[in-house]
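Student: What follows is a predicted protein model with its sequence.
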Amino acid sequence: MSSKTERQKQKAYLLSQIQQQRLDLAASRRDWLEVTRSYDRGWNTLLNIRAWALVGSSVVALCSVRHPSRLIRWARRGFGVWSAWRLVKSTLRQQQLRS
């Protein structure tokens, strides 16, 4: 009989440990979701924009077929803006490093 009571005590102990581990996992999950909430929101936004990006790229493709010089002109402007942004960013970094 004592082995049966020992097993019941051991079972009760193990069940309480399992319950505590489940509670710890639930708390950790809640903390993890709170920390990664901004990343999840950004990812969902990116997934929602994907459909609009597909439509936009289709429109750009149609316009580029009809007016190729306009596409080249806007590509040059975009490259110029991107280059200017890189120049400004690197200049600001150099200024921060000097001071």
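Tutor: Ah, there it is.
Student: just checking, next helix/strand downstream of the helix or strand Lys4 falls within?
Tutor: Lys4 belongs to helix 2-35 when assigned by DSSP states H and E. Later in the chain than helix 2-35, the nearest helix or strand by DSSP H and E is helix 37-66.
Student: quick check, distance from that following helix to the centre of its chain.
Tutor: 16 Å (C-alpha atoms, centre = their mean, to the nearest Å).
Student: Please point out which parts of it sit buried.
Tutor: By neighbour count on 16 or more other C-beta atoms under 10 Å, the buried set for helix 37-66 is empty. Where C-beta positions appear, they are placed from N, C-alpha and C, glycine not excepted.
Student: which is the next helix or strand following it?
Tutor: helix 68-98.
Student: Show the average pLDDT along that next one.
Tutor: Mean pLDDT, computed over helix 68-98, is 91.
Student: same question, stretch 56-64
Tutor: Mean predicted confidence for stretch 56-64 is 87.
Student: Only C-alpha atoms, please: export it in CSV.
Tutor: Provided in CSV are the C-alpha atoms of stretch 56-64 (Å, rounded to 0.1, in the frame of the first residue of the first chain):
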residue,chain,number,x,y,z
GLY,A,56,1.4,49.6,-58.6
SER,A,57,4.1,47.7,-60.3
SER,A,58,1.6,46.6,-63.0
VAL,A,59,0.6,50.2,-63.6
VAL,A,60,4.3,51.3,-63.8
ALA,A,61,4.9,48.4,-66.3
LEU,A,62,2.1,49.6,-68.5
CYS,A,63,3.2,53.2,-68.4
SER,A,64,6.8,52.2,-69.1
